[in-house]
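Visitor: What follows is a predicted structure for the sequence shown.
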Amino acid sequence: MARHGLLIDYEYCTGCHTCEVACKQEHNYPVGKWGIKVNEIVLETFDKITIDYIPFPTDLCNLCVQRTKEGIPPACVKHCQAGCMMYGPVKELVKTMEKKPKTVLFAPR
Ligand code: SF4
Ligand code: SF4
């Protein structure tokens, strides 16, 4: 099977943490363990402050192998209200990345 991954278009991420909660509920992770974590990056220049939210999967992320085997999207992708997460073959995700300014690609082996 082609290598698959998760693409996060963080230009549109609102930092809502829904992906974290959806993942935790799907996998029943205990307190303190996460399959994905939203990072807040604050950049201050002399005249403005920019805040980016960058969700990043942890080593516990298995790309929701059970769901995707059944043809269901990963829990984080399904519940992201901004629609800024995609799951699919890495080759396809890279094509999307090339058109976007702010993305993270997670593609574990
Ligand atoms: S793909 Fe599944 S395991 Fe990975 S972060 Fe998303 S919900 Fe969690
Ligand atoms: S659910 Fe979507 S919008 Fe919310 S923090 Fe996660 S990636 Fe960002």
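Guide: Looks like it arrived, so ask away. Since the model is a prediction, treat every value here as computed from it, not as a measurement. Ligands and ions are numbered 1, 2, ... in the order given.

Visitor: ok, residue 63 touching residue 4?
Guide: Yes - Residue 63 is within contact range of residue 4, at 6.1 Å (criterion: CB atoms under 8 Å). For every residue, glycine as well, the C-beta is placed using N, CA and C.

Visitor: joint contacts of these two?
Guide: Residues touching both residue 63 and residue 4 by CB atoms under 8 Å, 6 or more residues apart in numbering: residue 87.

Visitor: Report the secondary structure state of residue 71.
Guide: coil (DSSP: H, G, I helix; E, B strand; the rest coil).

Visitor: and this protein, which of its residues are near ligand 1?
Guide: Taking CB under 6 Å from any ligand atom as the criterion, the chain approaches ligand 1 at residues 6, 22-23, 26, 35-36, 57, 61-64, 74-76.

Visitor: hmm, which of these are the buried ones?
Guide: For the residues of the chain next to ligand 1, a burial check counting by 16 or more other CB atoms under 10 Å picks out 6, 22-23, 26, 35-36, 57, 61, 63-64, 74-76.

Visitor: Three-state assignment for residue 86, please.
Guide: When classified by three-state DSSP, residue 86 comes out as strand.

Visitor: Make residue 1 into 755 and carry on from there
Guide: Sure thing, new numbering starts at 755, so read that last one as residue 840.

Visitor: Run through the bridge partners of it.
Guide: In this entry, residue 840 is beta-bridged to residue 761, by DSSP bridges.

Visitor: list the contacts for it?
Guide: Applying CB under 8 Å, 6+ apart to residue 840 gives the contacts 760-761, 763, 831, 847, 850.

Visitor: and which of those is nearest ligand 1?
Guide: Among those, residue 760 lies closest to ligand 1 (CB to the nearest ligand atom), at 5.7 Å.
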